[in-house]
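Colleague: here is a sequence together with a model predicted from it:
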Amino acid sequence: MADFNVFSGDAFSAISMLEGIEKVPYNPSYLGSLGIFADQPVTTTGVWIEERDGVLNLIQTTPRGAPLSQRTTEKRAARHFNTSRVAKGDRLMAAEIANIRAFGSNSELMMAQQEVARRLSGPVGLMREVELTWENMRLGAVQGILTDADSTVLYNWFTEFGISQPSEIAFDLTGANAAGSAGSAGKLRPFIQNNVVRPMVRAAKGSFLPTTKIYGLCSDTFYDDLTNHGEVRQTYLNWLQAQSLRDGNAFEEFPFGGVVWVNYRGTDDGSMVGVAADKVKFFPVGAPGIFRAAWSPAETFDFVNTPGKPIYPMIVPDKDRNAFVDIEVYSYPLHVCTRPEVLFRGRRGS
């Protein structure tokens, strides 16, 4: 048996252990699973987005033989946006793996290849951090404001396209209405139709398909009050889904009033990636062209001017002394909402 007493003060070099347990934080990926961002590989460090404002007009009647009124060409505008650089590295020193057993094992030496793979693509590896960053960017795009890890605004798609952000919609979910009394019965559904569904469909100006759905990403507090609302519970009373309302449906989703309501599960800390308390964010799913993800190529000669890929993992060894290996990941994304006027938001409260 190999001797592991070299680093006896380190938990990874203990002579024996009963079981190895690695705590892995939850990595939110709901927006990625929806597939609403159309991938667009580009060969440059930025993208152009062309806007054309199509307007339909009534045609004024004219006498037979009179000159025709002429169609006015739509106004067009093109805007340029740069992709962002998401990159992080980790250095594995040869000394770190000398005489150290493999995680969860009492006898195997930790191999360099295994440790490199763990740090690159393991449950808490560099690639997982890039994927978490993508989800944060997707969440920003469906809200219309793309933010960096430190909350700095990268792109405000409302101001970039010269559009006023729709005002926050107040949902009264906790007062007398929540009990579903006779005096308040039937008010919530038309409120959703008139403040979310119809305005969003109209704002889309024909970009919605018959299969397009409206989703609402809810915070825990908003979702709990919504599912406890008397009108919602009455709707599901005779459905099989009523069982989930009775037993609890945390981090699930259900349709009501023309919206699919989702209890969005962000990061475990409740703040790094997630929907703020008492808030809900509305966006369309299945509306082609509204959300796009552009990917630029990596900044090396191997990939310059080639179609970009979502991620570039790289292993850079120490060629001089062979004393370490650098593990690096790069990504150059831009998550765009081309029609921010269809992004609505709400809050719990009167």
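Modeller: Thanks, I have the structure now. None of the values given here were measured: they were computed from a predicted structure.

Colleague: residue 113: which element?
Modeller: helix 112-121 (DSSP states H and E).

Colleague: and the next helix or strand after that helix, what does it pack onto?
Modeller: As assigned by DSSP H and E, the chain's next helix or strand after helix 112-121 is helix 126-143. Helices and strands touching helix 126-143, by 3 or more Cβ pairs under 8 Å, 6 or more residues apart in numbering; DSSP states H and E, are helix 30-34, strand 86-93, helix 112-121, strand 145-147, strand 279-285, strand 324-331, strand 333-337. All C-beta atoms are positioned from the backbone trio N, CA, C, and that covers glycine.

Colleague: can you add distance to residue 223 and give those back as a markdown table?
Modeller: Shown next, in a markdown table, are those (distance: least, Cβ to Cβ, whole Å):
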| stretch | distance to residue 223 |
| --- | --- |
| helix 30-34 | 13 |
| strand 86-93 | 30 |
| helix 112-121 | 33 |
| strand 145-147 | 22 |
| strand 279-285 | 8 |
| strand 324-331 | 31 |
| strand 333-337 | 23 |
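
Colleague: can you add mean neighbour count, distance to residue 264 and mean pLDDT and give the ones you listed back as JSON lines?
Modeller: Listed next are the helices and strands packed on helix 126-143 as JSON lines, based on neighbours: other Cβ atoms under 10 Å; distance: least, Cβ to Cβ, whole Å; pLDDT from 0 to 100:
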{"stretch": "helix 30-34", "mean neighbour count": "17", "distance to residue 264": "6", "mean pLDDT": "95"}
{"stretch": "strand 86-93", "mean neighbour count": "15", "distance to residue 264": "22", "mean pLDDT": "93"}
{"stretch": "helix 112-121", "mean neighbour count": "16", "distance to residue 264": "26", "mean pLDDT": "83"}
{"stretch": "strand 145-147", "mean neighbour count": "19", "distance to residue 264": "16", "mean pLDDT": "94"}
{"stretch": "strand 279-285", "mean neighbour count": "23", "distance to residue 264": "8", "mean pLDDT": "98"}
{"stretch": "strand 324-331", "mean neighbour count": "19", "distance to residue 264": "23", "mean pLDDT": "90"}
{"stretch": "strand 333-337", "mean neighbour count": "25", "distance to residue 264": "16", "mean pLDDT": "94"}
